[in-house]
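Undergrad: Dropping the sequence and predicted coords here.
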Amino acid sequence: MSDNEKQAELNEEGKLEEDESIELEGEQEEPDEDIHLLLEDARNKADSHWNDLLRTRAELENLKKRHSRDLENAHKFGLEKFIRELLPVWDSLAMGSSAAQDEGVEMEKIREGMDLTLKMMSDAMEKFNLEEINPEGEVFDPELHQAMSMLETSDTEPNTVMNVFQKGYLLNGRLIRPAMVVVAKATSQQKES
């Protein structure tokens, strides 16, 4: 082979190699563009998720603040309905006290006014599920009654409430104040028999 032939062959091979390298470079540029697009898409998604996270955190903080404010208001104004029910009772007591100071007032009228006031108070308490415990004649229950004293008696069964010093109260089934009571105790003769 002559030098010219070798040169021509080299040129052809060189051209082929150059053409192949051009194709390879083109192929390399496409994946670079794809990677850049994928990276940009991932960044956009990450930014979107980050913004969603920040928005959710802000909503959660606002919800916590609103809940705290609502709870505070519930504590402040929770007794509002109860107080509204008691105001007429208060007014009635004030009028009764004022009327009792007048000369010539009959005791019967004052008693009637007190009875009406107690009825108003009882009605107000019932609206809020306050139950009265008046256990006179019932068996002593340490869950609901507090024994102030015990009296020996043959007239009443032992361990029975004979007298109620102070009534007890339940609010929605929960003991607020036990009834203060006197409990019957067996006499020494009853104990022996």
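TA: Sure, I can see it. Numbering: from 1, shown residues only.

Undergrad: just the strands in this protein please.
TA: Remark: strands assigned in the chain by DSSP state E are 130-133, 145-152, 161-166, 168-171, 174-177, 179-185.

Undergrad: Reformat those strands as CSV; add mean neighbour count and distance to residue 117.
TA: For glycine as for every other residue, the C-beta is placed from the backbone atoms N, C-alpha and C. Formatted as CSV, the strands of the chain follow (neighbours: other C-beta atoms under 10 Å; distance: least, C-beta to C-beta, whole Å):
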stretch, mean neighbour count, distance to residue 117
strand 130-133, 16, 16
strand 145-152, 15, 27
strand 161-166, 16, 19
strand 168-171, 16, 18
strand 174-177, 12, 21
strand 179-185, 21, 22
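
Undergrad: Reformat those strands as CSV; add mean pLDDT and distance to residue 105.
TA: CSV is the format used below for those (pLDDT from 0 to 100; distance: least, C-beta to C-beta, whole Å):
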stretch, mean pLDDT, distance to residue 105
strand 130-133, 93, 30
strand 145-152, 94, 35
strand 161-166, 96, 29
strand 168-171, 94, 32
strand 174-177, 96, 33
strand 179-185, 95, 33
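
Undergrad: could you point out where this structure is predicted with low confidence?
TA: Flagging of the chain using pLDDT under 70 yields the residue ranges 1-30, 190-193.

Undergrad: Which segments of this structure make up each domain?
TA: Following automatic domain parsing, one gets these domains for the chain: 1-76, 79-128, 131-193.

Undergrad: So which of these is the most surrounded?
TA: domain 131-193 (a mean of 15; mean count of other C-beta atoms under 10 Å).

Undergrad: Report the central residue of the chain.
TA: The centroid of the chain falls nearest to residue 71 when counting by C-alpha atoms, centre = their mean (7.9 Å).

Undergrad: Residue 138 versus that one, what's the distance?
TA: 40 Å (C-beta to C-beta, to the nearest Å).

Undergrad: ditto for residue 121
TA: To residue 138, residue 121 is 24 Å away according to C-beta to C-beta.

Undergrad: Could you do residue 160 as well?
TA: Shown here: residue 160 relative to residue 138, a distance of 7 Å by C-beta to C-beta.

Undergrad: Now do the helices in the protein.
TA: Applying DSSP state H to the chain gives helices spanning 3-77, 80-100, 107-127, 188-192.

Undergrad: would a markdown table of the ones you listed with distance to residue 146 be doable?
TA: A markdown table is the format used below for the helices of the chain (distance: least, C-beta to C-beta, whole Å):
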| stretch | distance to residue 146 |
| --- | --- |
| helix 3-77 | 30 |
| helix 80-100 | 25 |
| helix 107-127 | 20 |
| helix 188-192 | 24 |
